[in-house]
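In: have a look at this prediction, sequence included:
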Amino acid sequence: MNAGARRSILSWSFGLKMASTTWTLDGKVCLVTGATSGIGKETAFGLARAGGTVVLVARNQEKGAAVVRSIKEKTGNANISLLIADLSRQADIRNLASTFQQNYDKLHVLINNAGIILFQRVETVDGLEMIFAVNYLSQFLLSNLLVDVMKRSAPARIINMSSNAQGWLGTRLDLDDLQGERHFSGFLAYAGSKLAIICFTYELARRLEGTGVTVNALHPGLVKTNFGRSDQGKAAGFIGFIAAMFGTSPEKGARTTMYLATSPDVAGITGKYWKNCKQIRSAPISYDTGIARKLWNISEQLTGSQFSQ
């Protein structure tokens, strides 16, 4: 597929304003977590159409392999591969980063897309609250493990999936109870994890200043996906109903992710929060650098990972 065809596909598929610079990812390596359904899957398709070498991360081998085959067949891009990891397990995340670097010496786009919501408190094999571990700590750990290869690949982009839930009334970042051991609510745990992502994004952007690696977070909007289907009960049913009634398609939900991954208009822009391909303000607490640094230190302790200066 030539560059002109890719430009046409991107313009049609994502409805984005085209810049004068060609939107092509030829020679660029992209890694996408949560890539077998919803927004992650549509993002993987979009990156493949743009000519990128796309590495999908999935928990299920069979499902992941089926998506890889589909992307190859529908885009004509053969440079699509799969890595298996359960992002609730820190050992899997470390193995994912190690395996990736054994097979690729560059990483230009990292999209931390995976996320969950549950309505009862569940702990991971590492003894961490599941929502906090998957939604936030996996982004923190994977980004830190891959940051060196991204520096060597610069210019490079890290894109973190957050949500407008980070600004919900009642959302807080209780540094003394990040994992809901004293008080747990599925909604607030989810919202808190998304707020933590914003704080992490801004802090990582500050730490990567001058390296050529940018870091941004986004809200994809209300999207019709399988999100929340892993849990049962009235709360999960309510979310499914609202998404089905008012949500947009995963393809449209992937617009801002694709924009941040490919657009020359955002080259060099870092430490921002986006919605509908535009910068917006996040919750006031997310701009507190003191809280961000404390969260970072706690995250290093919980993952045993220290940022490489």
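Out: All right, it came through fine. Numbers count the residues shown, from 1 in each chain.
In: and residue 127, how many neighbours does it have?
Out: Residue 127: 9 surrounding residues under other Cβ atoms under 10 Å. Using the backbone N, CA and C atoms, a C-beta is placed for each residue, glycine as well.
In: now the phi/psi pair for it, please.
Out: When read as degrees, to the nearest 10, the backbone of residue 127 gives phi 80, psi 20.
In: state the distance from it to residue 302.
Out: Using Cβ to Cβ, to the nearest Å, one obtains 10 Å as the distance from residue 127 to residue 302.
In: kindly report the same for residue 217.
Out: Taking Cβ to Cβ, one finds residue 217 at 20 Å from residue 302.
In: cool, residue 113 as well?
Out: Using Cβ to Cβ, we find residue 113 at a distance of 21 Å from residue 302.
In: the two: which has the busier surroundings?
Out: Higher neighbour count among residue 113 and residue 302: residue 113, with 25 against 20, using other Cβ under 10 Å.
In: with adjacent residues omitted, what lies nearest to residue 114?
Out: Of all residues not flanking residue 114 in the chain, residue 34 sits nearest, at 3.2 Å (Cβ to Cβ, 6 or more residues apart in numbering).
In: what residues are up against the one you found?
Out: Contact criterion Cβ atoms under 8 Å, 6 or more residues apart in numbering gives 40, 57-58, 87, 113-115, 161 as the residues in contact with residue 34.
In: narrow these to those that are buried.
Out: Applying 16 or more other Cβ atoms under 10 Å to those, the neighbour count classes 40, 57-58, 87, 113-115, 161 as buried.
In: which of the residues you listed sit farthest apart?
Out: For the buried ones among the contacts of residue 34, the farthest-apart pair by Cβ to Cβ is 58 and 161; their separation is 15.6 Å.
In: and the longest helix along the chain, what's buried?
Out: Using DSSP state H to define each element, the chain has its longest helix at helix 186-207. With burial defined by 16+ other Cβ under 10 Å, the residues of helix 186-207 counted as buried are 186, 188-205, 207.
In: partner strands of the following helix or strand past that helix, parallel or antiparallel?
Out: Tracing the chain past helix 186-207, the next element assigned as helix or strand by DSSP states H and E is strand 213-219. According to DSSP bridges, strand 213-219 has the following sheet partners: strand 156-161 (parallel), strand 272-275 (parallel).
In: quick one: contacts of strand 213-219?
Out: 143, 147, 150-151, 154-164, 166, 197-198, 201, 204-205, 208, 256-257, 260, 266-275, 280, 282.
In: what do you get for stretch 154-162?
Out: 34, 39, 107-115, 139, 143, 150, 194-195, 197-198, 200-201, 204, 211-220, 257, 260-261, 267-268, 273, 282.
In: and with 6 Å instead?
Out: 108-113, 139, 143, 150, 194, 197-198, 201, 212-217, 260-261 (Cβ atoms under 6 Å, 6 or more residues apart in numbering).
In: stretch 102-111 now?
Out: Among residues not part of stretch 102-111, those counted as contacts by Cβ under 6 Å, 6+ apart are 28-32, 146, 149-150, 153, 156-159, 261.
In: which of the residues you listed fall in helices?
Out: Within these, residues falling in helices by DSSP H are 146, 149-150, 153, 261.
In: just to revisit the earlier point, including pLDDT and neighbour count, could the contacts of stretch 102-111 go into JSON lines?
Out: Formatted as JSON lines, these follow (pLDDT from 0 to 100; neighbours: other Cβ atoms under 10 Å):
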{"residue": "28", "pLDDT": "97", "neighbour count": "22"}
{"residue": "29", "pLDDT": "98", "neighbour count": "24"}
{"residue": "30", "pLDDT": "98", "neighbour count": "27"}
{"residue": "31", "pLDDT": "98", "neighbour count": "27"}
{"residue": "32", "pLDDT": "98", "neighbour count": "28"}
{"residue": "146", "pLDDT": "98", "neighbour count": "20"}
{"residue": "149", "pLDDT": "98", "neighbour count": "19"}
{"residue": "150", "pLDDT": "98", "neighbour count": "26"}
{"residue": "153", "pLDDT": "98", "neighbour count": "21"}
{"residue": "156", "pLDDT": "98", "neighbour count": "24"}
{"residue": "157", "pLDDT": "98", "neighbour count": "27"}
{"residue": "158", "pLDDT": "98", "neighbour count": "26"}
{"residue": "159", "pLDDT": "98", "neighbour count": "26"}
{"residue": "261", "pLDDT": "97", "neighbour count": "26"}
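In: can you pick out the most distant pair from those residues?
Out: Set against one another by Cβ to Cβ, the contacts of stretch 102-111 have their most distant pair in 149 and 261, with a gap of 17.0 Å.
In: cool, thanks, talk later.
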